[in-house]
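Q: structure for this input, please:
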Amino acid sequence: MLTFNQLLRAGSLDPANVRLVRHKPSRHKHRAIFDAAMRSDGAFREYQEMQGSTQVVSQFRAAKHLAGFVVDPTTKQTVFMGVWDLLGERPPTVDPFGTPLRPGTVAFETRSRSEFDRYRGRLVIGWGDGERAWVQRADLQDKPIIELRKHYEDPAFPGFMVFQHALDQVETVPVSWAEVLRNARGVYLLVHRERGDQYVGSAYGEGGFLGRWVSYADGHGGNVAMRELGAPAEAYDVAVLEVVGSDATVEDVFKREALWKTKLGTRVKGLNRN
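A: Next up is the predicted model:
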């Protein structure tokens, strides 16, 4: 099996001088940071350069190079994004993705090593156990290369009957998925992941399913029973029950929604009040 340290040595880098940095951003920023890394956007470089943990700062200071990875928000795989030389330190600036800087934040100066760019988004490693240790010494953690793609592409949309997603992460779906969900209307189901409470709703306006689901960012989207429950959006999963045709009227969608409420009994034991 090929390993990441073999790739580093092929690029004339000593793994002892390299720190592996695995980014798994917060849910609301995950897709933006992943996409910026894939585009080699300077915002990702700045994001990686600013560190507020004393342990991470010490790791960076002891290294000569950083090998950056980002967890794919869809597949959860650890995807390679490049190698950077550490050149020094500079005063911290504003985080490009809006994360408040911690006291004592240190900003590092880095420069990308272009010889590794052809592997960006294509090389996937197995990080193994200890995900909380997101900065590791390469020489002590020789990661297996589990995939080298011909090119990166979003995974195919799984289909409406298979699709299920955390409600608070619907804006992080791949661009191709978002396009499908914006252009489809119909009936959907919200399920409280721990309690099992269900809510049947319908999407019939501009933005389709995705436009409607985004409105639940506050945890209720105007629904009385969900507001009373007081759970955040992250407590729910969302799935599609039925997609209606382009010729369906709003009244048609409401009728299908009512039918699903009856079938699932969400007016009797659930979060539907009408």
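Q: touching, residue 54 and residue 102? I think so.
A: No: using C-beta atoms under 8 Å, residue 54 is not in contact with residue 102, being 9.9 Å away. (Each C-beta comes from the backbone N, C-alpha and C, glycine too.)
Q: report the secondary structure state of residue 19.
A: With DSSP: H, G, I helix; E, B strand; the rest coil as the basis, residue 19 sits in strand.
Q: surely it touches residue 61?
A: No: assessed by C-beta under 8 Å, residue 19 is found out of contact with residue 61, at 10.0 Å.
Q: show me what the longest helix along the chain is packed against.
A: Counting residues, the longest helix in the chain under DSSP state H turns out to be helix 250-264. The contact analysis (3 or more C-beta pairs under 8 Å, 6 or more residues apart in numbering; DSSP states H and E) places helix 250-264 against strand 185-192, strand 198-203, strand 236-244.
Q: so which of those is nearest residue 45?
A: The minimum distance between residue 45 and the helices and strands packed on helix 250-264 falls on strand 236-244, with 33.9 Å, by C-beta to C-beta.
Q: tell me the strands beside the closest one, with direction?
A: strand 164-166 (antiparallel), strand 185-192 (antiparallel) (DSSP bridges).
Q: do me a favour and average the pLDDT over the longest strand anywhere in the chain.
A: Taking DSSP state E as the criterion, the chain has its longest strand at strand 78-90. Strand 78-90 shows a mean pLDDT of 97.
Q: right, and the helix or strand after it?
A: strand 106-112 (DSSP states H and E).
Q: relative to strand 78-90, how tilted is that next one?
A: Put simply, strand 106-112 runs at 120 degrees to strand 78-90, going by axes from the mean of the first three to the mean of the last three C-alpha atoms, to 10 degrees.
Q: put the alpha carbons of strand 106-112 into PDB.
A: Presented in PDB, the C-alpha positions along strand 106-112 are these (Å, rounded to 0.1, in the frame of the first residue of the first chain):
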ATOM      1  CA  VAL A 106      -0.600  33.500  15.900                       C
ATOM      2  CA  ALA A 107      -0.600  34.000  12.100                       C
ATOM      3  CA  PHE A 108       2.000  32.100  10.100                       C
ATOM      4  CA  GLU A 109       3.500  33.000   6.800                       C
ATOM      5  CA  THR A 110       3.300  30.100   4.300                       C
ATOM      6  CA  ARG A 111       4.000  29.500   0.700                       C
ATOM      7  CA  SER A 112       2.400  26.700  -1.400                       C
END
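Q: and the next helix or strand after it, which strands flank it?
A: Once strand 106-112 ends, the next helix or strand along the chain (criterion: DSSP H and E) is strand 123-125. Strand 123-125 pairs in its sheet with strand 78-90 (antiparallel), strand 145-148 (antiparallel), by DSSP bridges.
Q: looking at residue 19 and residue 61, which has the bigger crowd around it?
A: residue 19 (22 against 13; other C-beta atoms under 10 Å).
Q: and that one, what pLDDT?
A: So, for residue 19, pLDDT stands at 98.
Q: which ones are touching the residue nearest to it when sequence neighbours are not counted?
A: Once flanking residues are discounted, residue 19 sits nearest to residue 63: 4.3 Å by C-beta to C-beta, 6 or more residues apart in numbering. Neighbour list for residue 63: 17, 18, 19, 86 [criterion: C-beta atoms under 8 Å, 6 or more residues apart in numbering].
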